[in-house]
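K.L.:
Could you look at this predicted model? Sequence included:
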Amino acid sequence: MRSLVTEIINGESYSYYPLGQYVVRAMGVCGDRPTFKYTRIEIAGVMERLAKGENVESIVLGFRGRVSREAIAEAIQVVTTHFLESLPILSAA
């Protein structure tokens, strides 16, 4: 994981670990689960909507542009990468 970043946003301290340009784990936000940066929108919810067949454009419109197409693409990449990295090494029986 990358180093902790702390910014001041609207006079408030915002500390997070970047998982990419758009996806972060912000301290004290949504139980520290991954969200889109500067939002309280969890990437898991977007992944569930995609899994149910909702298209990216509909999700972007639903969040009124607070989550971009690029952010959703990054979230998919983050989830895929972390999933693949978590798989155990297989060995012959």
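P.N.:
Thanks, I have the structure now.
K.L.:
Report the contact partners of the nearest residue to Pro34 once chain neighbours are set aside.
P.N.:
Excluding the flanking residues, the one nearest Pro34 by C-beta to C-beta, 6 or more residues apart in numbering is Ile43, at 4.7 Å. Quick note: C-beta positions are derived from backbone N, CA and C, even for glycine. Taking C-beta atoms under 8 Å, 6 or more residues apart in numbering as the criterion, Ile43 is in contact with 23, 33-36, 75, 78-79.
K.L.:
Now Ile43, what are its backbone angles?
P.N.:
When read as degrees, to the nearest 10, the backbone of Ile43 gives phi -70, psi -30.
K.L.:
Can you give me the distance of it to Val56?
P.N.:
Ile43 is 13 Å from Val56, where distance means C-beta to C-beta, to the nearest Å.
K.L.:
what do you get for Ala26?
P.N.:
23 Å.
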